[in-house]
Structures are given as C-alpha cells and as structure tokens.
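Enquirer: what's the 3D shape of this:
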Amino acid sequence: MNRLADSQSPYLLQHASNPVDWWPWGPEAFGEARRRDVPVLLSVGYSACHWCHVMAHESFEDSQTAAYLNEHFVAVKVDREERPDVDSVYMEAVQAATGQGGWPMTVFMTADGEPFYFGTYFPPEPRHGMPSFPQVLEGVRTAWQERRDEVGEAAARITRDLAARDLAYDAPRPPDEADLANALLGLTRDFDAARGGFGGAPKFPPSMALEFLLRHHARTGARGALEMVERTCEAMARGGIHDQLGGGFARYSVDASWVVPHFEKMLYDNALLCRVYTHLWRATGSELARRVALETADFMVRELRTAEGGFASALDADSDDGTGRHVEGAYYVWTPGQLREVLGEDDGRLAAALHAVTEAGTFEEGASVLQLPGDAAPGELRERLLTAREQRPRPGRDDKVIAAWNGLAIAALAETGACFDRPDLVAAAEGAAELLAGLHLDEAGRLVRTSREGTAGSSAGVLEDYADVAEGLLALYAVTAVTRWLDLAGSLLDTVLHRFTGEQGAFYDTADDAEELIRRPQDPTDGATPSGWTASAGALLSYAAYTGSSRHREAAERALGIVRALSGKAPRFIGWGLAVAEAALDGPREVAVVGPAGDPRTVELHRTALRSTAPGAVVALGDPAVQDGGGLPPLLRDRPLRDGSPTAYVCRHFTCDAPTSDPEALAAQLGGAPA
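Expert: Numbering: from 1, shown residues only. Next up, the predicted model:
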C-alpha cells in the first residue's frame with residue numbers, strides 16, 4: 001500500500017501511484033523496518049527536479065524493481081523542500097562518502113536512521129561506470145543479510161563522524177576591513193571576465209555574492225566590485241538562463257556562458273535576482289537592470305502567486321512536447337521554423353537573428369533557447385511569441401508555499417515596487433505577508449514551514465524560515481510603515497535567539513525542541529539561498545538598527561564570526577554573510593522620515609531613502625501628528641519636524657547627521673541614488 005496519497009507535497013503526490021510501497025518520513029516507517037528486520041531506503045528529491053523524474057520513470061514505476069524493493073526494504077520518500085533538515089543531515093553524509101551530492105538522493109540506513117550506503121541517481125542498467133539500481137538493491141540486501149556486523153559497524157562509524165562535525169566556534173568576532181578586502185580578492189580570482197559569473201560549468205546565479213559586491217562598492221567605491229556585478233548581470237540577462245519572453249530565471253546554466261539552462265524555475269532564485277537587479281539599478285540607473293527587475297517581479301506575481309496570496313515554490317523543468325513525451329525545456333525552446341510559423345517569414349527571420357536561434361540549435365533536436373545578444377526584440381514580436389508559447393502544454397507547478405522563500409519574495413517585491421513606483425508589487429508582498437501571519441504561525445507564535453491550498457502543513461519551521469520571513473517583514477515595514485510587520489519580525493527573531501542559538505552565538509538549523517535526527521543540522525554556508533545562519537545575522541542587525549536593541553546587535557555580530565572564518569577561504573559560499581558584514585561596517589545607516597502622511601514632500605523623502613545604496617540601510621516612516629509617540633518604533637521617537645516641514649534624520653555608529661528636508665541633501669548623506 002502506497003501511503004503518499006494524503007500528502008500535501010506535490011513531489012510526494014507525484015509518487016502516490018507508484019508500485020513502490022512508499023512511506024512518508026516518520027516513526028511508523030522506521031518501526032516497520034525494525035519489525036521486518038530490513039533496511040530503509042530513503043529517497044529524497046523535489047517536484048521540479050528533472051533527474052528525480054527520470055529515476056522515478058525508470059525505476060520507481062517499474063513493477064519488477066518495485067516488487068524487489070517492497071520485499072527487501074522499507075522505502076521512505078521525502079520532499080527536500082518540505083524537510084530541509086532531513087535532506088541536510090543525509091546530504092552531508094552523501095557528500096562526505098562520495099565527494100559529491102545532488103538529487104535524487106538515495107540513502108540506505110538502519111531502522112535507527114544510521115546511514116551505511118549512499119548515492120544519487122542510479123540508472124536502470126549499468127551506465128557510465130555506475131551500477132544499475134537493481135544491482136545496488138541486490139548488493140545492499142546481500143550485505144544486510146550476510147555481513148550484518150560490517151553494515152552495523154559502518155553505520156555506527158558514519159553516524160559518529162557526522163555527530164563530530166559541529167562547528168568549533170570560539171570567541172567569534174565580525175569581519176573587519178581586511179577580511180572583506182580578502183573576500184573581494186578571492187571573488188576577483190574566481191571571476192569569469194569573459195562570460196560573467198564565477199568558476200566554470202555548471203554556472204549558478206551568484207545572487208548573494210553580487211549583493212556583497214554591490215554593497216562593497218557602495219561603501220568603498222571599489223570600481224572593480226561594481227564591474228563584476230554589471231558584467232554578470234548583463235550576461236545572465238542576455239543569456240538563455242533568462243526567459244526572454246516571460247521573464248524570470250532558470251535555476252542554473254549547464255554551460256559556462258549562460259546559454260542552456262536547467263529549465264526549472266525556483267521562487268528563491270527569482271526573488272534573490274529580482275532584488276539584485278533592483279539594487280544594481282539603484283547603483284547605476286541601468287535601463288537593462290530596471291527592465292529585468294520588473295520582468296522578474298511580474299513573472300513571480302503572474303506565474304507563482306497562489307490563490308491564497310502566497311507564492312508557489314517552483315515550475316518544473318519538463319513538460320509535454322506536444323507528442324505525449326515529457327521533455328526537459330519543451331515549453332521554452334524554438335526552432336527557426338517554429339518562429340516563422342508564428343511570425344511569418346520576415347518577422348520569423350528577424351526574431352531568429354535577435355534571439356540567436358539557428359538551424360543547428362543551441363539545445364537538442366535543432367531547437368534553441370532564446371538569447372538576447374543585442375537589442376531587445378520589438379515588443380509586438382515578443383507578445384506574439386509569448387501568446388503562441390502559452391498555447392503549449394505548460395510545465396507543472398509545485399504550488400506549496402514555503403515560508404522562507406516567501407520571505408525572500410516579500411523583500412524583493414516590496415523593494416522593487418517602492419523603487420519603481422509599482423504599488424501593485426508592494427500589495428503582492430503584503431498579501432504574502434498576510435498569508436504567513438495568518439496561516440503559517442501557530443498559536444504559540446511558531447512558524448510552520450509549508451502550506452498548500454490554504455491548509456498549513458505539519459513540518460516545523462527551520463532557522464531559514466524564521467530568518468527569511470523576518471528579513472521580508474523588515475523590508476516590508478520600511479516600505480509601508482506598518483508597525484505590525486516590525487513587531488512580528490521581532491517576535492520571530494526572539495524565537496531565533498531562544499530556540500536556535502548555541503554556544504558563543506552559533507546557530508543551528510533546527511530548534512532545540514525539534515524532531516531529533518542522527519545529528520542536529522548546522523550549516524552556515526550560503527548555497528542556493530542564504531543560510532539560516534547568515535540570514536539571521538542580517539535580520540538581527542536590521543532589527544537592532546530599528547529598535548536600538550544591543551541584544552540583537554550583539555547576536556548579529558557574534559553570528560558574523562563565521563563570515564570572518566570563511567571569507568578568505570570560500571567567499572563564493574558565504575556571499576550573504578559578506579553582504580551583512582558590509583552593512584555592519586557601514587552602520588547600518590538608520591533613516592527616520594517624519595512628516596504628514598501623503599504629503600508629497602514626505603513621500604519624496606521616503607522614496608529617496610528607499611532608493612539609497614547605503615549597505616543594509618533601514619528606513620522608518622512616521623507621522624507624529626497622528627501617531628502616539630509611545631507607540632512609535634524607537635528610531636522614530638523624538639524626531640520633530642524641521643521648521644514645520646517633513647524631515648529626514650540619518651544616523652549611524654551613534655552619530656547623526658544634520659536633519660534635512662531636502663531630498664538631494666538626504667541622497668548625498670546616503671550615498672546618492674539615480675535620477
């Protein structure tokens with residue numbers, strides 16, 4: 001009996017009709033393995049994962065493979081997005097044992113959860129030096145039955161090794177000027193000057209490293225830092241990783257030139273990149289950055305927003321190619337003939353030239369991913385192509401709402417909407433915040449990680465959920481001046497300090513009262529998203545600037561000690577931590593804008609503050625005439641109007657500049673902003 005049919009996870013539901021007797025993660029599955037005296041097969045993936053679909057089709061839908069698996073194992077299926085703690089613990093084991101990781105992740109373990117054999121994708125027959133999945137199953141079964149002592153010893157040793165991996169975190173100190181300069185040097189060494197980005201193929205959007213470089217340039221004026229951002233953002237925007245018709249970005253490029261993407265689109269990538277392009281516009285006034293930021297924001301609202309007001313986690317890489325085949329990229333690629341069929345001969349040839357579509361193709365079977373090496377295609381051509389593409393079978397959507405990723409989206413949409421005078425984007429951010437506040441918070445004020453179709457899931461929030469939601473709410477407060485969001489961010493951060501903090505200010509990824517795994521996961525490095533550790537540091541720093549809380553400031557500075565430890569060794573993998581460190585060195589600057597609500601002079605001061613490039617600056621807006629001074633955030637208290645006019649106050653490092661009613665003077669105090 002397959003037990004996944006009642007799951008909330010779209011990934012698990014994809015496997016609900018498999019002949020494999022899947023169990024969801026839980027004590028019942030491990031109890032069954034203990035009762036039957038068989039090992040557990042843990043299979044971890046996510047709904048937009050191409051190779052997860054491949055292995056499912058080849059092995060988990062095969063009746064003969066399923067029969068063998070059901071007879072000799074208890075099979076457990078986990079959505080990594082729903083249970084990042086389970087994924088993290090066992091991925092660490094996979095990487096330690098094999099030197100690599102990825103999804104689908106395949107782990108064999110004892111009924112006590114102790115792993116002893118690992119892998120990722122296994123083919124249905126031996127291929128490229130890999131054993132087949134049936135061979136792996138048979139080998140593990142034989143070892144379990146005939147060499148149980150060896151299996152038990154290996155499992156115990158691996159578990160001990162994992163438990164010993166807790167970070168040594170003594171006397172942490174935040175990074176200083178020299179540390180950040182060394183990080184810049186390390187990124188410069190890894191920078192691909194010809195194609196943008198860092199390293200070679202596959203190439204992932206380096207959102208958090210770009211955010212650090214933008215902040216470093218804003219604080220120091222280092223031109224090289226900004227040039228790396230400009231080169232990378234332009235290369236991505238013109239490459240196939242960027243959807244030239246519908247906006248948004250794919251998860252990564254399989255090549256070093258951003259041409260051929262891995263076509264799945266993740267909410268977190270698009271939220272982070274939307275924010276980066278908005279901040280690049282703030283620094284340079286780039287029209288390309290403005291266009292891409294808005295297209296990415298519009299993509300998120302149009303394609304990922306759910307009926308409840310949250311944002312779905314992903315769009316699949318695969319879709320029906322029109323012949324019944326489920327093919328990666330089918331929705332997005334074009335042949336010259338298809339362009340001519342939609343646009344006519346002349347316009348079809350023009351579109352092919354503008355988007356680098358050739359007869360040879362850049363993808364598979366003569367098809368090409370649209371690029372934009374030169375001028376943008378006329379809007380009318382683009383609209384006709386987009387209309388035609390929308391008639392194709394669409395990629396599947398994983399419509400579960402993940403708290404952390406929605407926090408990232410809230411921050412991006414609030415800031416983008418404010419910078420470009422798009423109140424609809426701010427409203428979308430507010431809608432997502434309302435959903436999180438109303439559905440993802442339990443009666444005790446604890447976060448639930450996921451929801452779907454208006455029903456909260458059962459997985460407890462992890463550190464990144466608390467930190468990213470707090471970050472999003474603080475950004476939303478800066479734009480809307482609704483104190484509810486500031487207060488809720490503070491409540492979430494209090495939980496971070498109470499439930500997720502270890503000795504010397506280190507953070508764990510799970511709460512101290514969470515389900516106990518074979519080890520308590522703890523990873524400070526930034527991967528595809530900010531780690532919970534560095535995201536917490538950033539949110540704590542901002543909250544301290546709003547409230548004057550030394551407790552939150554000190555916690556942020558202790559947490560940034562890990563950035564000091566890693567910045568010289570692996571700056572690409574601590575990018576958000578470096579960005580937070582830049583804010584800490586710069587202050588961050590605290591901007592209080594006071595004036596009558598709706599007064600054009602108040603609005604202009606507020607807009608100027610929000611468009612500032614000052615690293616991590618916090619902005620508070622208030623109307624002393626209609627608010628009780630005692631109910632104002634500390635940053636807004638005792639801030640009178642200057643000569644009866646709306647006034648801005650800028651402070652940092654316990655020192656304040658002269659208050660001003662002049663937007664140009666405010667921009668100068670904050671480092672300026674594009675016209």
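Enquirer: what does stretch 356-367 contact?
Expert: 240, 259-260, 329, 333-336, 339, 351-352, 368-373 (C-beta atoms under 8 Å, 6 or more residues apart in numbering). Where you see a C-beta, it was placed from the backbone N, CA and C, and this is true even at glycine.
Enquirer: just the buried ones from those residues?
Expert: Buried by 16 or more other C-beta atoms under 10 Å: 240, 259-260, 329, 333-336, 339, 351-352, 368-372, out of these.
Enquirer: just those residues: which are in strands?
Expert: Residues of these located in strands (DSSP state E): none.
Enquirer: which one of those residues is nearest to residue 472?
Expert: Ranked by distance to residue 472 (C-beta to C-beta), those are led by residue 240 at 29.5 Å.
Enquirer: how near is the closest one to residue 473?
Expert: Distance of residue 240 to residue 473, given as C-beta to C-beta, to the nearest Å: 35 Å.
Enquirer: same check, this time on residue 587
Expert: 21 Å.
Enquirer: when these two are compared, which one has more neighbours?
Expert: Neighbours were counted for residue 587 and for residue 473 using other C-beta atoms under 10 Å; residue 473 has more, 31 against 21.
Enquirer: ok but that one is inside a helix, no?
Expert: Yes: counting by DSSP: H, G, I helix; E, B strand; the rest coil, residue 473 is found in a helix.
Enquirer: how far is stretch 460-471 from where the chain is centred?
Expert: Computed by C-alpha atoms, centre = their mean, to the nearest Å, the chain-centroid distance of stretch 460-471 equals 12 Å.
Enquirer: could you do stretch 302-315 as well?
Expert: Using C-alpha atoms, centre = their mean, the offset of stretch 302-315 from its chain centre is 15 Å.
Enquirer: so for it, mean pLDDT?
Expert: Stretch 302-315 carries an average pLDDT of 97.
Enquirer: who's in contact with it?
Expert: Residues contacting stretch 302-315 (C-beta under 8 Å, 6+ apart): 46-48, 81, 246, 248, 264-267, 270, 300, 395-402, 405-406, 409, 428, 431-432, 434-436, 439, 451, 453-454.
Enquirer: just the buried residues of those.
Expert: So, by 16+ other C-beta under 10 Å, the buried ones in the contacts of stretch 302-315 are 46-48, 81, 246, 248, 264-267, 270, 300, 395-402, 405-406, 409, 428, 431-432, 435-436, 439, 451.
Enquirer: tally of neighbours for the nearest residue to residue 51 once chain neighbours are set aside?
Expert: Setting aside the residues directly before and after it, residue 51 is nearest to residue 121 in space (C-beta to C-beta, 6 or more residues apart in numbering), at 4.9 Å. As a burial measure, residue 121 scores 19 neighbours (other C-beta under 10 Å).
Enquirer: pretty sure residue 121 sits against residue 56.
Expert: No: if you go by C-beta atoms under 8 Å, residue 121 and residue 56 don't touch, sitting 10.6 Å apart.
Enquirer: buried ones in the helix or strand hosting residue 29, by neighbour count?
Expert: Secondary structure from DSSP states H and E places residue 29 in helix 27-36. The neighbour-count check on helix 27-36 (16+ other C-beta under 10 Å) flags 29, 30, 32, 33 as buried.
Enquirer: go on, stretch 437-445?
Expert: 439, 440, 441.
Enquirer: so which elements touch the helix or strand containing residue 64?
Expert: Element membership for residue 64, per DSSP H and E: helix 63-72. Judged by 3 or more C-beta pairs under 8 Å, 6 or more residues apart in numbering; DSSP states H and E, helix 63-72 is in contact with helix 133-146.
Enquirer: who touches the helix it packs on?
Expert: Helix 133-146 is contacted from outside by 38-39, 41, 55, 58-59, 65, 68-69, 72-73, 106, 108, 117, 119, 122-124, 126, 131, 150-151, using C-beta under 8 Å, 6+ apart.
Enquirer: and those, which are buried?
Expert: Buried, going by 16+ other C-beta under 10 Å: 38-39, 41, 55, 58-59, 65, 68-69, 72-73, 106, 108, 117, 119, 122-123, 131, 151, out of these.
Enquirer: rewinding a little: from the buried ones among the contacts of stretch 302-315, which land in helices?
Expert: If you go by DSSP state H, the buried ones among the contacts of stretch 302-315 have 267, 270, 405, 406, 409, 428, 431, 432, 435, 436, 439 in helices.
Enquirer: closest to residue 161 out of those residues?
Expert: Nearest member of these to residue 161, counting by C-beta to C-beta, is residue 405, at 31.4 Å.
Enquirer: so how far is residue 583 from that closest one?
Expert: Look at residue 405 and residue 583: by C-beta to C-beta, they are 22 Å apart.
Enquirer: residue 160 versus residue 598, what's the distance?
Expert: Taken as C-beta to C-beta, the span from residue 598 to residue 160 is 64 Å.
Enquirer: equivalent analysis for residue 374, please.
Expert: Taking C-beta to C-beta, one finds residue 374 at 58 Å from residue 160.
Enquirer: and residue 364, how many neighbours does it have?
Expert: Residue 364, neighbours per other C-beta under 10 Å, totals 13.
Enquirer: hmm, who's touching stretch 499-510?
Expert: Here stretch 499-510 has contacts from 84-85, 88, 167, 169-172, 460, 462-464, 466, 496, 511-513, 517, 520-524, 532-533, 536, 555, 558-559, 561-562, using C-beta under 8 Å, 6+ apart.
Enquirer: drop anything exposed from the residues you listed.
Expert: The buried subset of the contacts of stretch 499-510 - by 16+ other C-beta under 10 Å - is 84-85, 88, 167, 169, 172, 460, 462-464, 466, 496, 511, 517, 520-524, 532-533, 536, 555, 558-559, 561-562.
Enquirer: in helices, which of the buried ones among the contacts of stretch 356-367 appear?
Expert: Going by DSSP H, the helices hold 336, 339, 351, 352 from the buried ones among the contacts of stretch 356-367.
Enquirer: contact partners for residue 86?
Expert: 25, 42, 44, 78, 80, 517.
Enquirer: apply 6 Å and report the result again.
Expert: residue 78 (C-beta atoms under 6 Å, 6 or more residues apart in numbering).
Enquirer: next, it: secondary structure please.
Expert: What three-state DSSP gives for residue 86 is helix.
Enquirer: residue 290 versus the nearest residue to residue 550 once chain neighbours are set aside, what's the distance?
Expert: Nearest residue to residue 550, sequence neighbours excluded (C-beta to C-beta, 6+ apart): residue 544, at 7.4 Å. Note on residue 544: its distance to residue 290, by C-beta to C-beta, is 32 Å.
Enquirer: the two: which has the busier surroundings?
Expert: The neighbour count for residue 544 versus residue 290, taken as other C-beta under 10 Å, is higher for residue 544 (23 against 20).
Enquirer: can you get me a residue count around the nearest residue to residue 122 once chain neighbours are set aside?
Expert: Excluding its sequence neighbours, the residue lying closest to residue 122 (C-beta to C-beta, 6+ apart) is residue 133, at 3.9 Å. Using other C-beta under 10 Å, residue 133 has 23 other residues around it.
Enquirer: where along the stretch 51-200 of the chain do the helices fall?
Expert: Secondary structure of the stretch 51-200 of the chain (DSSP state H, counting those that start in this stretch): helices at 63-72, 84-98, 133-146, 148-163, 177-190.
Enquirer: report the angle between the very next helix or strand once past the last one and helix 177-190.
Expert: Going back to what we said before, that points to helix 177-190. Sequence-wise, the next helix or strand downstream of helix 177-190 (DSSP H and E) is helix 207-220. Helix 207-220 runs at 130 degrees relative to helix 177-190, counting by axes from the mean of the first three to the mean of the last three C-alpha atoms, to 10 degrees.
Enquirer: brilliant, that's me finished.
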